[in-house]
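take this sequence and fold it.
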Amino acid sequence: MHDDHSLVEARLKRVLDERIRPAVYPVSVPLEVGIWTAPGEPVPVAEGLAAPRTPIAVGDAWGAPWGTSWLTVSGTVPAEWAGRTVEALLDLGFDENMPGFQCEGLIYRPDGTPVKGLNPRNQWVRVGAPAEGGDEVVLHIEAASNPVILDYHPFLPTGLGQKETAGTEPQYTLARMDLAVFDETVWNLVQDLEVLGELMAELPLDGPRRWEILRAVEHALDAVDLQDVGATAVAARERLRKVLAAPAVPSAHRISAIGHAHIDSAWLWPLRETVRKVARTTSNMTSLLEDEPDFVYTMSQAQQYAWIKEHRPEVYAKVKKAVAEGRFVPAGGMWVESDTNMPGSEAMARQFVHGKRFFLDEFGIENEEAWLPDTFGFAAGLPQIIKAAGSKWLLTQKISWSQINKFPHHTFLWEGIDGTRIFTHFPPVDTYNCSMNGKEIAHAVSNFKDKGAATHSLAPTGWGDGGGGTTREMVAKAARMRSLEGSATVQWEKPAEFFAKAEAEYQNPPVWAGELYLELHRGTLTSQARTKQGNRRSEHLLQEAELWAATAAVRTGFPYPHEQLDRIWKTVLLHQFHDILPGSSIAWVHREAEKTYAAVAEELGGIIANATRALAGDATAGTEVVFNAAPHGRGGIGAGGAGQASPAAGVCTVTTRPEGGFVLENGLLQVVVDGRGLVISAYDLAGGRESIAPGAAANLLQMHPDFPNMWDAWDVDEFYRNTVTDLTDVDEVTVVADGPESVAVNVVRCFGSSRAVQTLTLDAGAKRLDIDTEIDWQETEKFLKAAFPLDIHTDRYTAETQFGHLNRPTHTNTSWEAAKFEACNHRFIHLEEPGWGVSLVNNSTYGHDVTRTVRAADSTTAGTTTTVRLSLLRAPRFPDPETDQGVHRFRYALVPGGSLADAVREGYRVNLPERRVPGDAEVAPLVDIDEDAVVITALKLADDGSGDVVVRFYEAHGGRARARLTAGFGLGGAQACDLLERPLSTVPVDGDGIDLSLRPFEIVTLRLSRQEP
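Next up is the predicted model:
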């Protein structure tokens, strides 16, 4: 037989495109359309329904950027259509390639009942099945004219991401607005041919199944009358029946499909628009669930449920009903799908606390999976947090985006820094927006890394990012692939059902230890510095507010602000969403976040001020009480206590260098600042050791060009390092404090269009150099770093993460190590030779890089030195063309001659500064732990209002720890709890305390009951 497969396949494509698909709606009549445009922000549904309409016609422009228009479509079903299925086709001006990224709508009936959402891949609404001739049709559409930010020429700077710069030009042209007859037989023929055509293209050309399908498709096309498709569709389908009925082979890969619509809580749209995106998508999905009995849909992010509960209760009622029926499945157990690299320990824990508690309170559902399909890498402390929240599984697919190394597993055990292992699955379909296309299904099979040991994978199915969800076409295609020869089998299943099956069949999966590093989107550790600073500050203010409010409540009867703290936590957790905290959203999102963080800081500052005043005693005594919220004692004040601070020991001096610059000394450190304002020596006097690499200078600001190949706000490509400018020109180096308690030097330098002012401070009794940096940043497409070349020879360094730290190599022996040229830290980075180390601590930066260099040629000794660079600022122009422009303030410190314990302590110190309040009281810690390696991250009253004290702590040094916890109140009993404060076991109490024994990095949550007075 001659090879005619190309001819038949080309015929199939053209006939489908030009004859069969158009015949799904064989006849139509136009609808009348009226429009009302809201003058500002979106209005309540009742107001939009009632507003007066003016006529608008197909072909007319509508919709300024970020506007809301209410359209009413009306018409009459022709008498001759009686008994047929009729749908309204409502095209707002869609581009079918951009579901979720352009205009959208939500359809309402005249009584205000939501029907379904409109998007480029879902433009229909059923109005009669069967219809009655003469039926009047009236539908209202809340239409959002969201502008296209990510267009066909992507990553171009645009002012559309902020209302103030977006303009008023209409964005869309009204397209088809019709009533039409829906021919279900033709529609089914389309699904048959698409499934077979897509499967055929993936099968081997020399295999019999491909040719069997080819011949059946050819015969079906022969049966189609191209001038009367509807009349011949049944005959065409009959010719396909046999090949569609051939069952899958027993060894076929098994795909668990789950309806899905990954909805970014903010990204190329603001938070307020996400509220409506969720309403549109969930309306679509509850409607689809009613029509398709086998379909199951899942949605994560408790915040999104809370939004529609508050703003769209009529939609939420349908969601809640579908959840009760078990087919709309809350997933993930987190408040949002957050970033997991940058959130602090307690914030990461609270993501699960608030997410799981919402699902339990609203639906009685306990999630056992973490659901993070689109997060940009996963911190090594996360497995223990997942387990401590009562969960045991993790799903993501984002690691498939890595540029350099292919991850070796799809199903595996992920081991965290403490040894906790979580059963983890990466869907081999490599997308969270699966459309049931045959190419995707075939890719899932061929790509699956665990063949021979496992047979199951998961496919999140539906349009996502901007929402949309699963379509009826996807459901139909899945039904045809339930058991189809040549294809993987497809079955709709809940996430928990998939994980249970996958775990049961894969008894001994491989283990991956340490962080799941995404070899992409490294720039998100630095972009939008104000957002990152707002997050870090909010986290620590919340820690303080809970600490002092709990202490004041127990000691003075201060009213503990449960509801207020709950609300603020949820606000902070929302802004940790994986496109907000990483800095990859439009300008609107980040300008709004800056205002939100300012309001959070003011509100938390009020709680802290009221609680500390309640504890401080007599405000007229003429003395000050120093409050220490850090988890380590300082200045004679215990961790979590307050009192009169002890004066710092030692005297500071500053002397002028003849060659320019100054020498700062305090008996512990001697720091030399040269005439350029650079640190050329930081000498540990007690250890007799220099910190700075020979011939090098620290606190050196370096600027690179920063124009990645794509994904501007997200990516830093390694070639940025090829070009660097050392910012050594200086305008001013002056002494601004000359002791005896503190000495400081001010350095002013201008570069490009920007200006930096740095204050280098050495305090009495402190073995650290504090550096305060203020930068008026006016550069574009540049990357600014602060370099610290250190005289340390080491093959690894330590970076803080949630509830502990991890070690990363300083070398690039393999491609896996070389790919980590930009990485994440929290409060500290530490480098050490046995017995002596140097740390860099910070109050708001996350990105950094660490490299090794051969010692200077004129050095008297050989070996290597290590350079740590903090990433301070970027200036990408997409999606926010004004990213990070303006004034920024950073604080970081160089800590020479210290251990890892010093790095932990100093990291907390710089993030939790002391507070001074007028008064005369001594405030003993509410809870004291006598071992510095055991660090308290939360001390609060129980969320259930019982008055119990909840304390959470962890082992911070990476070793075993024994300690004694002492309660500063009458201790009635103690229980070990999960993160949600649910008791797990009773803990023995010895008098007023508890003896503790912790594993490396172990997290412990205790619930302490108080004795009745």
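
only C-alpha atoms for contact and neighbour calcs from this point on.
Will do.

buried ones in stretch 975-983?
975-981 (16 or more other Cα atoms under 10 Å).

what about that stretch, distance to the chain center?
26 Å (Cα atoms, centre = their mean, to the nearest Å).

ends of it, how far apart?
6 Å (Cα to Cα, to the nearest Å).

same question, stretch 549-566
13 Å.

picking that back up, and which of the buried residues of stretch 975-983 is nearest residue 560?
residue 981 (17.2 Å; Cα to Cα).

show the contacting residues for the closest one.
942-943, 950, 1005-1007 (Cα atoms under 8 Å, 6 or more residues apart in numbering).

would you agree it falls within a helix?
No. Going by DSSP: H, G, I helix; E, B strand; the rest coil, the assignment for residue 981 is coil, not a helix.

can you say which helix or strand has the residue nearest to residue 305 when sequence neighbours are not counted in it?
Nearest residue to residue 305, sequence neighbours excluded (Cα to Cα, 6 or more residues apart in numbering): residue 316, at 7.5 Å. Element membership of residue 316, judged by DSSP states H and E, is helix 313-324.

using CSV, write down the CA coordinates of that helix.
In CSV, the C-alpha atoms belonging to helix 313-324 read as follows (Å, rounded to 0.1, in the frame of the first residue of the first chain):
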residue,chain,number,x,y,z
PRO,A,313,-22.2,34.7,48.0
GLU,A,314,-24.5,33.5,45.2
VAL,A,315,-21.6,31.8,43.5
TYR,A,316,-20.2,30.5,46.8
ALA,A,317,-23.5,28.8,47.6
LYS,A,318,-23.1,26.7,44.4
VAL,A,319,-19.5,25.9,45.3
LYS,A,320,-20.4,24.8,48.8
LYS,A,321,-23.1,22.5,47.5
ALA,A,322,-20.7,20.9,45.0
VAL,A,323,-18.1,20.5,47.8
ALA,A,324,-20.7,18.7,49.9
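
what's it packed up against?
helix 271-291, helix 302-311, strand 328-330, helix 345-363 (3 or more Cα pairs under 8 Å, 6 or more residues apart in numbering; DSSP states H and E).

the most centrally placed residue in the chain: what's it in contact with?
Geometric centre of the chain, nearest residue: residue 578, 2.0 Å, by Cα atoms, centre = their mean. With contact taken as Cα under 8 Å, 6+ apart, residue 578 is in contact with 337-339, 374-376.

what about the spatially closest residue to it that is not a sequence neighbour, neighbour count?
Nearest residue to residue 578 in three dimensions, chain neighbours excluded: residue 339, at 4.3 Å (Cα to Cα, 6+ apart). Applying other Cα atoms under 10 Å, we find 25 residues neighbouring residue 339.

same question for residue 281.
Quick note: residue 281 (other Cα under 10 Å) scores 30 neighbours.

and the closest residue to it other than its chain neighbours, what does it touch?
Using Cα to Cα, 6+ apart and skipping the chain neighbours, the partner closest in space to residue 281 is residue 468 (5.0 Å). If you count contacts by Cα under 8 Å, 6+ apart, residue 468 has them with 99-100, 117, 119, 121-122, 261, 277, 280-281, 284, 462.

now swap in residue 421 and tell me
383-384, 413-415.

kindly report the same for residue 46.
Residue 46 neighbours (Cα under 8 Å, 6+ apart): residue 112.

can you list contacts of the helix holding residue 316?
113-114, 279, 282-283, 286, 289, 305, 308-309, 328-330, 363.

please redo it, this time with the cut-off set to 6 Å
For helix 313-324, the external contacting residues (Cα atoms under 6 Å, 6 or more residues apart in numbering) are 308-309, 328-329.

quick one: distance of that helix to the chain centre.
The answer for helix 313-324 is 26 Å, by Cα atoms, centre = their mean.

same thing with stretch 635-654?
39 Å.

with just CA atoms, put that stretch into CSV.
Taking C-alpha atoms only, stretch 635-654 is exported to CSV below (Å, rounded to 0.1, in the frame of the first residue of the first chain):
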residue,chain,number,x,y,z
GLY,A,635,22.1,43.6,76.9
GLY,A,636,21.3,41.7,80.1
ILE,A,637,17.6,41.2,79.1
GLY,A,638,16.3,37.7,78.5
ALA,A,639,14.7,36.5,75.3
GLY,A,640,11.1,37.7,75.3
GLY,A,641,11.6,39.8,78.4
ALA,A,642,12.0,43.5,79.3
GLY,A,643,13.9,45.6,81.8
GLN,A,644,16.8,48.0,82.3
ALA,A,645,19.5,47.3,79.7
SER,A,646,23.1,46.8,80.9
PRO,A,647,25.5,49.3,79.3
ALA,A,648,27.7,47.9,76.6
ALA,A,649,31.3,47.0,77.6
GLY,A,650,34.2,48.6,75.9
VAL,A,651,35.1,51.9,74.2
CYS,A,652,34.9,52.7,70.5
THR,A,653,37.5,54.8,68.7
VAL,A,654,37.9,56.2,65.2
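
so for that stretch, mean pLDDT?
Mean per-residue pLDDT for stretch 635-654: 93.

next one: stretch 134-143
95.

what's across from residue 837 in the sheet?
Counting by DSSP bridges, residue 837 forms beta bridges with residue 832.

distance of it relative to residue 994?
34 Å.

lowest confidence element among the helices and strands of this structure?
strand 124-128 (a mean of 93; mean pLDDT, DSSP states H and E).

show me the strands in the stretch 51-200 of the chain, by range?
Ranges of strands in the stretch 51-200 of the chain, per DSSP state E, counting those that start in this stretch, are 54-55, 61-62, 67-76, 86-90, 104-108, 114-118, 124-128, 136-145, 172-173, 177-181.

how about low-confidence regions in the stretch 851-1000 of the chain?
Judged by pLDDT under 70, the stretch 851-1000 of the chain has its weakly predicted residues at 856-861.

now do the helices in it.
900-911 (DSSP state H, counting those that start in this stretch).

quick check: bridge partners of residue 577?
Residues in beta-bridge contact with residue 577 (DSSP bridges): residue 338.

got a list of what it touches?
336-339.

next: residue 810.
795-796, 851.

show me which of these is closest to residue 480.
residue 796 (53.2 Å).

now do the contacts for the closest one.
Here residue 796 is in contact with 808-810 (Cα under 6 Å, 6+ apart).

export those residues to JSON lines and tack on pLDDT?
Shown next, in JSON lines, are the contacts of residue 796 (pLDDT from 0 to 100):
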{"residue": "808", "pLDDT": "98"}
{"residue": "809", "pLDDT": "98"}
{"residue": "810", "pLDDT": "98"}
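
cool, thanks, signing off.
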